[in-house]
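Asks: okay, here's the prediction I keep looking at, along with the sequence it came from:
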Amino acid sequence: MASLDQNLIASEAAPSIAPLNLGIIIPELEKYGGAERYLIECVRVWQDRHDVTIYSAVFNHDMLRESMIRQTVKLVEIARCFAGEHAFFLNAVLLPKLWRQQIGRHDVYHTHLWPTHMIDLHPMVWFPHEPLRLLHDLRFEQRQNDPENHEVHIYPKYNYDQISDNIYDAYHSAIDAMDRATRPDHIVANSKYMAGYLARVYGGDVAGVVYPGVDLDNFIDLKVDRKLFVTISQLWSHKRVNLLIEAIALTDETQLIIIGSGPELDRLQSLCIKLGVEDRVFFLAGLKNYEVSLVLARACALLFCPIREPFGIVVLEAMAAGKPIVAVNEGGYVEVCDPDYAILIPPSPLLFAEKIEYLRDNPELRRSMGNAAREAAKRFSWNRTAMELERFLLAASSPDKPRTEVPVQSRLAPLVGIQYYLWYGDGFGMEHWNDSAQFGHVGDHPFLGYYASERGQTIEYHLDQFDAMKLDFVLLNLHIDRFGANETELRSIRNLLDISSRRESTLRFAIQISPYEGDAEQVRAVIGLIRTFLEREQYLRIDGKPVLFWFWSSAFDGNRAMFEAMGEASAGFRNLGFSLRLPKGVEENRYTFGFFEGLGLYSPLEVSSEANWERTWQVAVDAAQTAGMRYQLLSVSPGYDDRGLQDPRRAGNPYRAVPRRGGETYVRTLKFAESLAKPPDIVVVSTYNEFHENTHIESSAQYGYKYVELTREFVERMHANKLKRNGENG
């Protein structure tokens, strides 16, 4: 695989070669995205050296004229995308086979973007930019607006396909099989990051890396507006433009121009209104190159926040315009970024807001970073890119070319877990993000922004934090009401287990049912759903049985018929409960009929005054033992404050506000857990991300990483004690 240095050192002088009869296939050559720009710039060089024919379903002739593509380049229209119920599947699998029948014979085929490799014409050099990412790293970023339909996107379409839930997985399996069955002669990537990704997906080595270029002459100098920032991006959910809007809302006076189009426009404009920044965020689309240059020239810096972008040509364009870069630290473009001109950070509105204000208020730094960026951009040119990619075309056309083969492809206490809520909707004002005064008030700002629980980026970040804390397991809350299981939580659980499996994580997971208004039949149905997860290796088992946790509000205390139904439905599970009340000792059987093998406090800070905490916690421990519980459960918590929720049912709680005292409250609960003469079997942090009651330890604007770090230290001590006790017993 070619290195960055090798690509940049390679001579730009065009060698004298025999012309190729070159056939280029791209699904659509209409919009001016990064992939289209890459191809057009290469063709501009190749048109003087080869006999070029471009096959595409749609051509933007004005764009080609503006880019100086001459009439000597032949343009052939091929079949357009299918529409209708099964368009997603047909466009992914059948359409390339239809294209094959419409394409003439050439010395070599340059297939550009997915799924052009499926035409299976040879010799072929495939430049995918990316595989079909919704099969892989973006599968869990696709929105599901209702329980029966998924929204999926295949580039270069402008809209989402609506896929019914009952055929979604079948589509994926069929497309995945067809995708890996084709064997291009060479696969070339636009970054080392993407080369590694393609190698993992398709097997074997990627032939090389050819970075995009940039034209310094296209950019102009204008007076910079220090309050103006710009992002250039198609408006798809995985571009995370919403995160940048959140960041602008966290700053004073700054403005953001968003250049791009796509189906997320209405949602993003609605977000601007909800956050009160509709007069500071502006959307532009359909700009010519010169107009984009004008906007860049006026801007203070480029903001860029996509999920694992294959490369991101706009970063090079901003460098050529002499602009600092503030971008997420993931994707192909990080390989051409340097701290002299690029600030690479995790995807957090808080961090973006901080860097926006930092650049706004430091003009000398902006100038020095801009000068360094423009100087670095000189290392890249489109002529160099075209020459590098041409070498693979020449190698593939040789009769002795190589072919790229694509292969078929007894526990020690305590266990430490955490309460995890997966009910959050996508963005501020959505489900549980200040969507209602009664249930959704949030006063803190999560480090990740107002995230959607079901999204892959959210799950990956949270799994990273769980791993960093060295937890043993995670409780996945699943609420039940009169309509059944919460659909958002169900989708999030499925996505989380899939992602965890792919990561080969050692974490274990157990579902915690939270029945409020549900009846016995609904509880039976939900437990039936949970059983479908038991075949997964990650599901938590204790002493040979899978664990089912219950958030016990006491609503069904004494309801024998309900407990009989619950017992029948949960046969084979270990039923463990976290309750809002203390266990009742010898009287517990009158309330829960021996159903629970362990029962502990869910919220230890709400059961007594601060002066009586340790005594009350010990009473709960003793009462559970007296009740004959097989397993001892304990919760630890950083604080509690639900006063932002206007729910009349909470008004009678005398402990609605329990201060954190800079971490002292949390440390006090941790010390109690460590002080018990007989260590508990299970210790659960309550909670990771219940922001409405302010029991969260997730990294946030108000608390940073403080509670994550305190938890990590606690878990390390508990694990060390396990090893110590094991040594004493061995």
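Replies: That came in fine, so what should we check first? Note that this is a predicted model, so its numbers are computed, not measured.
Asks: how about residue 550, phi and psi?
Replies: phi -130, psi 130 (degrees, to the nearest 10).
Asks: ditto for residue 473
Replies: Backbone geometry at residue 473, expressed as degrees, to the nearest 10, gives phi -160, psi 170.
Asks: is it correct that it is in contact with residue 512?
Replies: No. With contact defined as Cβ atoms under 8 Å, residue 473 and residue 512 do not form a contacting pair (11.0 Å). All C-beta atoms are positioned from the backbone trio N, CA, C, and that covers glycine.
Asks: tell me which of these two has more neighbours.
Replies: Comparing residue 473 with residue 512 by neighbour count (other Cβ atoms under 10 Å), the higher total belongs to residue 512, at 25 against 22.
Asks: what helix or strand is that one located in?
Replies: strand 508-515 (DSSP states H and E).
Asks: what sits up against that strand?
Replies: 417, 419, 472-480, 493, 496-497, 500, 522-523, 526-527, 530, 533, 538-541, 546-551, 553, 555-556, 578 (Cβ atoms under 8 Å, 6 or more residues apart in numbering).
Asks: and it, C-alpha only, in CSV?
Replies: In CSV, the C-alpha atoms belonging to strand 508-515 read as follows (Å, rounded to 0.1, in the frame of the first residue of the first chain):
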residue,chain,number,x,y,z
ARG,A,508,-21.8,-8.5,29.6
PHE,A,509,-25.3,-7.2,29.3
ALA,A,510,-28.6,-7.9,31.0
ILE,A,511,-32.0,-6.4,30.4
GLN,A,512,-33.9,-4.6,33.2
ILE,A,513,-37.7,-4.6,32.7
SER,A,514,-39.4,-1.5,34.0
PRO,A,515,-43.1,-2.3,34.1
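Asks: may I see the buried residues of the very next helix or strand once past that strand?
Replies: Of the helices and strands lying after strand 508-515 in sequence (DSSP H and E), the nearest is helix 520-531. Going by neighbour count (16 or more other Cβ atoms under 10 Å), the buried part of helix 520-531 is 520, 522-523, 526-527, 530.
Asks: same question for stretch 89-100.
Replies: For stretch 89-100, burial by neighbour count (16+ other Cβ under 10 Å) applies to 89, 91-93, 95-96, 99.
Asks: narrow those residues to those in strands?
Replies: If you go by DSSP state E, the buried residues of stretch 89-100 have nothing in strands.
Asks: and of those residues, the nearest to residue 126?
Replies: Taking Cβ to Cβ as the measure, residue 126 sits nearest to residue 96 out of those, at 11.6 Å.
Asks: any idea how far the closest one is from residue 644?
Replies: Taking Cβ to Cβ, to the nearest Å as the criterion, residue 96 is separated from residue 644 by 54 Å.
Asks: low-confidence stretches in the stretch 51-200 of the chain?
Replies: 144-147, 153, 155-158 (pLDDT under 70).
Asks: same thing but 50
Replies: The model of the stretch 51-200 of the chain has no residue with pLDDT under 50.
Asks: just the helices in it please.
Replies: For the stretch 51-200 of the chain, applying DSSP state H, counting those that start in this stretch gives helices covering 61-66, 87-89, 95-102, 165-181, 192-202.
Asks: run a quick neighbour tally on residue 698.
Replies: Residue 698, neighbours per other Cβ under 10 Å, totals 24.
Asks: what's the closest residue to it other than its chain neighbours sitting at in phi/psi?
Replies: In this structure, residue 698 finds its nearest non-sequential neighbour in residue 689, 4.6 Å apart by Cβ to Cβ, 6 or more residues apart in numbering. Residue 689 has phi and psi values of phi -150, psi 40 when expressed as degrees, to the nearest 10.
Asks: next one: phi and psi at the residue nearest in space to the middle of the chain?
Replies: Closest residue to the average C-alpha location of the chain: residue 457 at 1.4 Å, with Cα atoms, centre = their mean. Per-residue torsions, residue 457: phi -60, psi -40 (degrees, to the nearest 10).
Asks: surely it and residue 138 touch.
Replies: No. Using Cβ under 8 Å, residue 457 makes no contact with residue 138, being 9.4 Å away.
Asks: quick one, helices of the stretch 301-450 of the chain?
Replies: Under DSSP H, counting those that start in this stretch, the stretch 301-450 of the chain gives helices at 313-320, 349-360, 363-377, 382-397.
Asks: would you turn these into CSV with mean pLDDT and distance to residue 632?
Replies: Listed next are those as CSV, based on pLDDT from 0 to 100; distance: least, Cβ to Cβ, whole Å:
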stretch, mean pLDDT, distance to residue 632
helix 313-320, 95, 54
helix 349-360, 97, 39
helix 363-377, 96, 56
helix 382-397, 94, 64
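Asks: quick check: which of the ones you listed is buried the most?
Replies: Ranked by mean neighbour count, the helices of the stretch 301-450 of the chain are led by helix 313-320 with a mean of 27 (mean count of other Cβ atoms under 10 Å).
Asks: does residue 493 belong to a helix, a strand or coil?
Replies: helix (DSSP: H, G, I helix; E, B strand; the rest coil).
Asks: re the thing from before, who touches both of residue 457 and residue 138?
Replies: Residues touching both residue 457 and residue 138 by Cβ under 8 Å, 6+ apart: residue 307.
Asks: quick one, domains of this protein?
Replies: 4-213+386-397, 216-380, 415-729 (automatic domain parsing).
Asks: mind telling me which of these the model trusts least?
Replies: Lowest mean pLDDT of the domains of the chain: domain 4-213+386-397, a mean of 86.
Asks: how far off centre is that domain?
Replies: 24 Å (Cα atoms, centre = their mean, to the nearest Å).
Asks: show me what the residue nearest to residue 329 when sequence neighbours are not counted is bridged to.
Replies: Nearest residue to residue 329, sequence neighbours excluded (Cβ to Cβ, 6+ apart): residue 344, at 3.8 Å. Listed by DSSP bridges, the beta-bridge partners for residue 344 are residue 327.
Asks: got a list of what residue 60 touches?
Replies: Applying Cβ under 8 Å, 6+ apart to residue 60 gives the contacts 29-32.
Asks: in strands, which of those residues fall?
Replies: Using DSSP E, none of those sit in strands.
Asks: tell me how far residue 221 lies from residue 635.
Replies: 61 Å.
Asks: the more surrounded of those two?
Replies: A count of neighbours by other Cβ under 10 Å puts residue 635 above the other of residue 221 and residue 635, at 25 against 8.
Asks: which elements pack onto the helix or strand harbouring the more buried one?
Replies: Using DSSP H and E, residue 635 sits within strand 633-636. Applying 3 or more Cβ pairs under 8 Å, 6 or more residues apart in numbering; DSSP states H and E, we find strand 633-636 packed against strand 574-579, strand 598-601, helix 613-626, helix 664-675, strand 682-685.
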